[in-house]
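Enquirer: sharing a sequence plus its predicted fold:
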Amino acid sequence: MSDLVLGGDLGGSTTRIVIADATGAVRGEGTAPGGNPVSQPETAHLAFAAALRAALGDLDPARIRGGVIGMAGSTALREQPARRAGFDAAWAQCGLAGVPRIVSDLEAAYASATDRDTGVVLIAGTGASAALIDGWQVVERRGGYGWLLGDEGAGVWLGRAAVRATLAALQEGRVSTLASLVIDQFGLTMRPGVQQSAEAWPGEAQASALIRVVNDSGPLALAELAPLITLACDEGSSDAAEIVDEAARHLVRTVSGLLSWAQDGPVVLAGSILEESLPTGRAVRELLTPDYGDRLRFAASGTQGALALARREQR
C-alpha cells in the first residue's frame with residue numbers, strides 16, 4: 001500500500017486534519033473544536049488528538065510518512081516545550097512515528113496557493129497577520145499580535161467594531177440594520193410590553209445589556225459577529241460599509257511594508273475574512289489590484305497547504 005502524508009490546520013474556531021496519498025486523494029479527514037495553543041492553551045492538544053483519531057479512522061498509522069501542522073501561534077509551542085509536549089503525546093498515542101512538524105498558518109496558507117518559494121502572504125480570519133516567505137519559511141512578519149493588542153481588520157476586530165457601531169446607534173436613538181442584527185445575535189431584542197424605568201429609555205437599556213453580555217462572552221463571541229457585517233452590507237447598511245472600508249485599509253497596511261521585499265513574487269490572500277465573496281475580501285482586492293493585481297493569488301485551505309509542505313519533505 002502507498003505511503004500517506006498528513007496535513008493539519010489548527011484554528012481558533014476549528015481543528016482540521018486531512019490524510020492524503022501521493023496523488024493528493026484524501027484518505028481520511030477529521031475535525032474538532034478550536035485547537036489554537038494561544039487562545040485555547042488548556043484544550044488545544046485535546047482537540048488535536050480528537051481530530052487525529054477521526055482522520056485516521058481504520059487507516060494504519062504506519063503508512064503515515066510525514067505530517068505538517070499549520071497553526072496561528074506556532075511560536076508558542078517552540079517557546080514553551082510543555083505545550084508542545086501535549087501535541088507530541090497525542091501524535092504518539094495515535095500510533096504515529098516521530099513528531100509532526102509545526103509551521104505557522106502563514107506558511108501553510110502560502111504553500112496552498114503557489115509553487116514559488118518566495119513571496120508574501122496576508123491572512124485574516126479570527127486574527128490577522130502578514131509575512132514575507134522565503135524558502136517556504138517566514139523570514140519577516142507583520143501583525144499577529146492577537147485580538148487584545150492587534151489583529152486589526154480581522155474577525156474579532158470586525159465584531160468589536162460591529163458592537164461599537166451598535167452602541168453608537170442605540171445612544172443616538174436609532175436602530176440601524178447592523179444594530180438590529182447584533183442585538184438579535186445576543187438575544188437582547190426588547191419585547192413589547194416590557195416596562196422601562198423613567199430614567200432608562202429602551203436604547204439605553206439595550207446598550208447596558210449588550211455591554212454586559214459582550215464583556216462576559218470573550219473574543220470568539222466577537223468573531224462570530226463578523227458575518228453580520230456581510231448581511232448588513234447586503235442590506236445597504238452605511239455603518240457596515242464604513243467598517244468594511246476601515247478593515248480593508250488596516251489589512252492592506254499590515255501587508256504593505258512587505259510587498260516590495262518580495263520583488264515579483266506572488267501575493268497570497270488567505271483566511272475567511274478575505275474570501276472573494278465577502279465585502280472585506282472584495283475591498284482588500286480593490287486596494288491591492290492597481291499595483292499587484294497580476295501577482296494576487298488566493299489560498300486554498302490551510303490543510304491543503306500543510307499537505308503540500310508534507311509532500312515536499314517526502315521528495
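Expert: Cool, got the structure.
Enquirer: give me the contacts around stretch 292-305.
Expert: 7-9, 11, 16-18, 70, 105, 107-114, 119, 121, 123, 259, 264-271, 276, 285, 288-289 (Cβ atoms under 8 Å, 6 or more residues apart in numbering). The C-beta positions use only the backbone N, C-alpha and C, and glycine is treated the same way.
Enquirer: and the residues you listed, which are buried?
Expert: Taking 16 or more other Cβ atoms under 10 Å as the criterion, what is buried in these is 7-9, 11, 16-18, 70, 105, 107-114, 119, 121, 123, 259, 265-271, 285, 288.
Enquirer: so which of these belong to helices?
Expert: Applying DSSP state H to the buried ones among the contacts of stretch 292-305, the entries found in helices are 105, 107-111, 259, 285, 288.
Enquirer: which pair of those residues spans the longest distance?
Expert: Glu107 and Arg285 (22.4 Å; Cβ to Cβ).
Enquirer: tell me which helix or strand the residue lying closest to Ala248 once chain neighbours are set aside sits in.
Expert: For Ala248, ignoring the flanking residues on the chain, the nearest one in space by Cβ to Cβ, 6 or more residues apart in numbering is Ala283 at 3.6 Å. Assigned by DSSP states H and E, Ala283 belongs to helix 279-292.
Enquirer: again with Glu29
Expert: Per DSSP H and E: strand 26-33 holds Glu29.
Enquirer: cool, and Ala130?
Expert: Per DSSP H and E: strand 128-134 holds Ala130.
Enquirer: list the buried residues of the helix or strand following that strand.
Expert: Using DSSP H and E, the next helix or strand after strand 128-134 towards the C-terminus is strand 137-143. Neighbour counts using 16+ other Cβ under 10 Å place 138, 142-143 of strand 137-143 among the buried residues.
Enquirer: okay, now the unreliable bits of the stretch 1-150 of the chain?
Expert: 1 (pLDDT under 70).
Enquirer: the stretch 201-315 of the chain now?
Expert: The stretch 201-315 of the chain contains residues with pLDDT under 70 at 201-203, 315.
Enquirer: cutoff 80 now
Expert: Counting by pLDDT under 80, the ranges of the stretch 201-315 of the chain that qualify are 201-206, 262-263, 313-315.
Enquirer: do a quick rundown of the strands in it.
Expert: Assigned by DSSP state E, counting those that start in this stretch, the stretch 201-315 of the chain shows strands spanning 267-270, 296-298.
Enquirer: how near is the residue lying closest to Leu158 once chain neighbours are set aside to Arg160?
Expert: Nearest residue to Leu158, sequence neighbours excluded (Cβ to Cβ, 6+ apart): Ala226, at 4.3 Å. Counting by Cβ to Cβ, to the nearest Å, the separation of Ala226 from Arg160 is 10 Å.
Enquirer: can you pick out the residue with more neighbours from the two?
Expert: The neighbour comparison of Ala226 against Arg160 (other Cβ atoms under 10 Å) goes to Ala226, with 25 against 18.
Enquirer: that one against Gly155, yeah?
Expert: Yes: under the criterion of Cβ atoms under 8 Å, Ala226 makes contact with Gly155 at 4.6 Å.
Enquirer: give the intersection of the neighbour lists for the two.
Expert: Contact criterion Cβ under 8 Å, 6+ apart; residues shared by Ala226 and Gly155: Ile273.
Enquirer: in the stretch 1-150 of the chain, which spans are strands?
Expert: Along the stretch 1-150 of the chain, the stretches classed as strands by DSSP E, counting those that start in this stretch are 4-10, 14-21, 26-33, 64-71, 101-104, 118-124, 128-134, 137-143.
Enquirer: quick one: contacts for Asp134?
Expert: 117-118.
Enquirer: that one pairs with what?
Expert: Counting by DSSP bridges, Asp134 is bridged to Thr118, Gln137.
Enquirer: coming back round to it: and the strand holding Glu29, which residues are buried?
Expert: Buried residues in strand 26-33, defined by neighbour count with 16+ other Cβ under 10 Å: 27-28, 30, 32-33.
Enquirer: show me the contact partners of that strand.
Expert: By Cβ under 8 Å, 6+ apart, the list of residues contacting strand 26-33 reads 4, 13-21, 43, 47-48, 50-57, 59.
Enquirer: try 6 Å
Expert: Strand 26-33 is contacted from outside by 4, 14-21, 47, 50-51, 54-57, 59, using Cβ atoms under 6 Å, 6 or more residues apart in numbering.
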